[in-house]
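> sequence and predicted model, in that order:
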Amino acid sequence: MSKPKVLIAFYSRSGVTEALATAIADGARAGGAEVRLRRAREVVGPEIMAQAPGWAEQAAALNAKYEAPTPADAEWADAIVFGTPTRFGSVTSELKAYIDSLGGLWAQGKLNGKAGSVFGSSSTTHGGNESTLLSLYNPLAHLGLIIVPTGYADASLFKAGTPYGASAVSGNAATPPTADDLEVARFQGARVAAVATALATLQQAKAAA
């Protein structure tokens, strides 16, 4: 079959979640996948962004690097990986707005059977990484995706990450993910690519039967 296609749709402000997204992309490409990296856009106006020093500038820089995710990206993909920083123990409104835009595809059943996975970051050690990743499993199920957790399927998971997806803690200082965090992320990308390949092969065999 052709290369599995992986969409990584994420939101990042300071670059911590972006670094995890890039590592997941590296792992997926190493697993033979074609990857699209997309950054969700802000849903608030400039007056709100101005209240957080550097927000507007960081957003402009990241938006110059990455296209915004679209429903067409999700339809194109064999696997969809959502990434987000935590906001009060849950997903950011920016990523959630993109997920909510997929209602048309959901209504047509066009996402059924694709692989789905999640990753995230928090500012503090107990800042909600696990609750955020678990909360993202709900829309994955509603969209009909086959949830692909990291589990403890690789030795890297005994040093970092969560069994639900890669994660990082920035320590309230936008500290980049550690080498162990990135190792988990690369493993997650490769795992998603492998599952996407298996699912696509199964669907092709079913269609040909």
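Thanks, I have it.
> report the central residue of the protein.
The structure's the chain has its C-alpha centroid closest to residue 82; by Cα atoms, centre = their mean the separation is 2.5 Å.
> is it true that that one lies in a strand?
Yes - with DSSP: H, G, I helix; E, B strand; the rest coil as the criterion, residue 82 is part of a strand.
> show me what contacts it?
For residue 82, the contact set (Cβ atoms under 8 Å, 6 or more residues apart in numbering) comprises 9-10, 91, 95, 99, 116-119, 136, 140. In this view, the C-beta of every residue, glycine as well, is placed from N, C-alpha and C.
> show me the residues you listed that map onto helices.
If you go by DSSP state H, those have 95, 99, 136, 140 in helices.
> and for residue 172, the neighbour number?
10 (other Cβ atoms under 10 Å).
> my guess is it meets residue 124, correct?
Yes - counting by Cβ atoms under 8 Å, residue 124 is a contact partner of residue 172 at 6.6 Å.
> mutual contacts of those two, please.
Common contacts of residue 172 and residue 124 (Cβ under 8 Å, 6+ apart): none found.
> for the top helix by length along the chain, packing partners?
Longest helix in the chain by number of residues (criterion: DSSP H): helix 179-208. For helix 179-208, the contact count by 3 or more Cβ pairs under 8 Å, 6 or more residues apart in numbering; DSSP states H and E identifies strand 5-10, helix 16-30, strand 79-85, strand 115-122, strand 167-169 as packing neighbours.
> if we use 6 Å, what do you get?
Where contact means 3 or more Cβ pairs under 6 Å, 6 or more residues apart in numbering; DSSP states H and E, helix 179-208 is packed against helix 16-30, strand 79-85, strand 115-122.
> how distant is the first one from the center of its chain?
Distance of helix 16-30 from the chain centroid (Cα atoms, centre = their mean, to the nearest Å) equals 9 Å.
> need the helices and strands packed on helix 179-208 in a markdown table with distance to residue 4 and mean pLDDT, can you?
Listed next are the helices and strands packed on helix 179-208 as a markdown table, based on distance: least, Cβ to Cβ, whole Å; pLDDT from 0 to 100:
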| stretch | distance to residue 4 | mean pLDDT |
| --- | --- | --- |
| helix 16-30 | 8 | 98 |
| strand 79-85 | 6 | 98 |
| strand 115-122 | 8 | 98 |
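> residue 50 is nearest to which of these?
The closest of the helices and strands packed on helix 179-208 to residue 50 is strand 79-85. By Cβ to Cβ, the value is 19.5 Å.
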